[in-house]
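Engineer: pasting the structure only:
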Ligand code: PHE
């Protein structure tokens, strides 16, 4: 019986070593250790032994059983580790592999210049406000001292949507909206799109951009207007840029001016960009007309103010030497990628 146990044990251990996967291993376990297994069968034969032999044999069988169980458990763990390793290997990410580069968007040149302008005016204490692109006749014209049938309406070809509804022709409409809702001191800029039914060419587009500025307070004079606009021109174009104020006319400002700066292309000598004059017109401005203040419930005897309207598109095309304004609106990636 002892010999049989010995040979059964080595046979079983050999079978464990030979098992190549968990399923075969389990078959080995059942074959030797199961209810009807061969080692179990030996235990059942213990009854035929003498009382002296029984404990000795029992101990040997239990020892063999423990040894076999241990071998099976070691083999099982081996299979588990191997499986886990294989799984890990299959799921590994190669983080050194080059990725497909994500295409980064960029700012539109108009926005680059606009952001610069906002920085400049914010540093001078201006708030940025917004206004609607669809306006009523009242805000775009009437309250700006341009009554119905006034010849000044012909200065701007207007897109009408309905009898009293239009696409704003100027950001000046924001002046009225601001003065209706804020009390002086007022110091705002309002950047935005404006629309005019102009003939389209290299320098004209039916959609373009303005930045309106408005300052209203006690004792505001033309000197304040000059100071702010000169400061702005120097920050945008550089200290050596000269600024020229020309008398002009706008119905909502009195007196009115147009402002030119030295042509950044030829530095004033005269070239194609400035059409030989050496100057580039960048904005219209003036002292807010007393009638406009009155229409917004501000007493012109107590308060005064100045306003300006800067053309953003012209500033952008001259800064980046863009020869045709239409390029700013066509969204051609070959153009936009250059900024
Ligand atoms: N709104 C005027 C224009 O579009 C510009 C302007 C604004 C002039 C504010 C004076 C004051 O031509």
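Structural biologist: Nice, thanks for sending it over. Nothing here was measured: the structure is a model prediction, and the numbers come from that model.
Engineer: what about the host helix or strand of residue 254 and the ligand, touching?
Structural biologist: Residue 254 is located in strand 253-262, with elements delineated by DSSP states H and E. Yes - counting by CB under 6 Å from any ligand atom, contacts between strand 253-262 and the ligand involve residue 253. (Glycine included, C-beta is placed from N, CA and C.)
Engineer: so for that strand, mean pLDDT?
Structural biologist: Strand 253-262 comes out with an average pLDDT of 96.
Engineer: repeat for stretch 273-287
Structural biologist: Stretch 273-287 comes out with an average pLDDT of 92.
Engineer: give me the distance between it and the centre of its chain.
Structural biologist: Distance of stretch 273-287 from the chain centroid (CA atoms, centre = their mean, to the nearest Å) equals 35 Å.
Engineer: give the buried residues for that stretch.
Structural biologist: Neighbour-count burial for stretch 273-287 flags 273-274, 278-287 (criterion: 16 or more other CB atoms under 10 Å).
Engineer: neighbours around the closest residue to the ligand within the stretch 51-200 of the chain, how many?
Structural biologist: As assessed by CB to the nearest ligand atom, the ligand sits closest to residue 170 within the stretch 51-200 of the chain, at 3.6 Å. Residues near residue 170, counting by other CB atoms under 10 Å, number 23.
Engineer: which SS state does it fall under?
Structural biologist: Of the three states, residue 170 takes coil under DSSP: H, G, I helix; E, B strand; the rest coil.
Engineer: which ones are touching it?
Structural biologist: Shown in contact with residue 170 (CB atoms under 8 Å, 6 or more residues apart in numbering): 140, 156, 194, 210, 212, 309.
Engineer: from what I see, the third one and residue 210 are in contact.
Structural biologist: Yes - proximity of residue 194 to residue 210 meets the contact threshold set by CB atoms under 8 Å, at 5.3 Å.
Engineer: can you list residues touching both of those two?
Structural biologist: What both residue 194 and residue 210 touch, as defined by CB under 8 Å, 6+ apart, is the set 170-171.
Engineer: so how far is residue 37 from residue 218?
Structural biologist: Residue 218 sits 107 Å away from residue 37, going by CB to CB, to the nearest Å.
Engineer: same check on residue 145?
Structural biologist: 109 Å.
Engineer: circling back to that earlier point, distance check, the residue of the stretch 51-200 of the chain closest to the ligand against residue 115.
Structural biologist: Distance, residue 170 to residue 115, by CB to CB: 22 Å.
Engineer: likewise for residue 265?
Structural biologist: On the measure of CB to CB, residue 265 and residue 115 end up 23 Å apart.
Engineer: who has more neighbours, those two?
Structural biologist: Shown here are residue 265 and residue 115; by other CB under 10 Å, residue 265 has more neighbours (16 against 12).
Engineer: and the nearest residue to the more buried one once chain neighbours are set aside, what does it touch?
Structural biologist: Leaving aside its sequence neighbours, residue 265 sits nearest to residue 273 (CB to CB, 6 or more residues apart in numbering; 4.2 Å). Going by CB under 8 Å, 6+ apart, residue 273 touches 263, 265-266, 280, 318, 321.
Engineer: now, the residues you listed that are in helices?
Structural biologist: Assigned to helices by DSSP state H, the following of the contacts of residue 273 qualify: residue 318.
Engineer: apart from its chain neighbours, what residue comes closest to residue 186?
Structural biologist: In space, and not counting its chain neighbours, residue 186 is closest to residue 216: 4.3 Å by CB to CB, 6+ apart.
Engineer: which strands and helices sit next to the helix or strand harbouring that neighbour?
Structural biologist: For residue 216, the host element (DSSP H and E) is strand 207-217. Packing partners of strand 207-217 (3 or more CB pairs under 8 Å, 6 or more residues apart in numbering; DSSP states H and E): helix 109-123, helix 173-181, strand 186-195, helix 222-237, strand 279-288, strand 304-311, helix 312-319.
Engineer: all set now, cheers.
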